[in-house]
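J.: Structure for the following, please:
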Amino acid sequence: MTSFNDFLNERLKDPDFKKEYDALRPEMAIIQAMIDAREKTGLTQKELSEKTGITQADISRLENGNANPSLKTLQRLAEGLGMTLKIEFVPAV
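T.: Residues are numbered from 1 along each chain as shown. Got it, this is the predicted structure:
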């Protein structure tokens, strides 16, 4: 049985696939950061919704990659999590 990482590594050999995969990395990093931050605080989506006024359905859509958050939404999420939002530019590798 092939693991997902083996499958992904094989697919990444295709230049077109790699280009699309790399283009999604920033979006996926934001999604993962949102999920990690919420889990770190021990909040459910519903609890975060109550703290931020963002509907639980919208939080779910954000975490599933079915919506793109605005900067304002990210700030509201950070505040609801008791965190500060930090966005930075780093040199490309």
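J.: Find the residue closest to the spatially most central residue of the chain in space, skipping its chain neighbours.
T.: Residue closest to the average C-alpha location in the chain (C-alpha atoms, centre = their mean): Ile31, at 0.5 Å. Sequence neighbours aside, Gly65 is the residue nearest to Ile31 in space, at 5.5 Å (criterion: C-beta to C-beta, 6 or more residues apart in numbering). Glycine gets a C-beta too; all of them are placed from N, C-alpha and C.
J.: doesn't Glu27 make contact with the one you found?
T.: Yes: here Gly65 reaches Glu27: they are 6.9 Å apart, a contact under C-beta atoms under 8 Å.
J.: Which residue ranges of this structure form helices?
T.: Here the chain has its helices, by DSSP state H, at 4-11, 15-41, 45-52, 56-63, 71-80.
J.: which residues sit against the first one?
T.: In other words, helix 4-11. The contact list for helix 4-11, computed with C-beta atoms under 8 Å, 6 or more residues apart in numbering, reads Phe17, Tyr21.
J.: Report the angle between it and helix 15-41.
T.: 150 degrees (axes from the mean of the first three to the mean of the last three C-alpha atoms, to 10 degrees).
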